[in-house]
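Asker: Next input, structure requested:
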Amino acid sequence: QVQLVESGGGLVQAGGSLRLSCAASGYSFRSYGMGWFRQAPGKEREFVACISVSGRQTDYRDSLKGRFTISRDSAKNTVYLQMNSLRPEDTAVYYCARKVINGRLTATTPAEYDYWGQGTQVTVSS
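Answerer: Numbers count the residues shown, from 1 in each chain. As a prediction, the model looks like this:
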């Protein structure tokens, strides 16, 4: 069965960095795009970043461009999210997800993802 397991979250001071990992199993990782979303308490889940099957196309939430970087390693069946210059407003549970195959290289809405991890908490202190 499809499994996505996030890791790398934690508590960090403002201005610090974290790298999240999402280990995928149970399917052909090389055939699917991947994405990261986040959800803060009392807020809706929002798009963070996505990456195409090849890794050559990426897309980011506008407010995160320049601070966050998504990448993938198909040899390890893992997608990463490098987060730099973290801010208290980045505090949230971060989820990775598998993008459905629909002819689009990237996707920014939750409806275009069919499997989700359990999430990893990121807390940024001021």
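Asker: only C-alpha atoms for contact and neighbour calcs from this point on.
Answerer: Will do.
Asker: Three-state assignment for the most centrally placed residue in the chain, please.
Answerer: By CA atoms, centre = their mean, the chain has its centre lying nearest to residue 36, at 2.2 Å. Of the three states, residue 36 takes strand according to DSSP: H, G, I helix; E, B strand; the rest coil.
Asker: Now do it against residue 73, distance only.
Answerer: 15 Å (CA to CA, to the nearest Å).
Asker: Tell me the secondary structure at the residue lying closest to the residue nearest to the centre of the chain once chain neighbours are set aside.
Answerer: Among residues not flanking residue 36 along the chain, residue 96 sits closest, at 4.4 Å (CA to CA, 6 or more residues apart in numbering). Secondary structure assignment for residue 96 (three-state DSSP): strand.
Asker: just for this protein, where's the confidence low?
Answerer: Within the chain, no stretch falls below the threshold (pLDDT under 70).
Asker: for it, what spans make up the strands?
Answerer: 3-7, 10-13, 18-25, 34-39, 46-51, 58-60, 68-73, 78-83, 92-99, 113-116, 120-125 (DSSP state E).
Asker: Now do the third one against strand 120-125, angle only.
Answerer: If you take axes from the mean of the first three to the mean of the last three CA atoms, to 10 degrees, strand 18-25 sits at 180 degrees to strand 120-125.
Asker: Name every strand pairing with strand 18-25 and say which way it goes.
Answerer: strand 3-7 (antiparallel), strand 78-83 (antiparallel) (DSSP bridges).
Asker: List of residues touching that strand?
Answerer: Here strand 18-25 makes contact (CA atoms under 8 Å, 6 or more residues apart in numbering) with 1-9, 12, 76-84, 96, 117.
Asker: ditto for the fourth one
Answerer: Contact partners of strand 34-39, identified using CA under 8 Å, 6+ apart, comprise 45-53, 79, 81, 92-99, 107.
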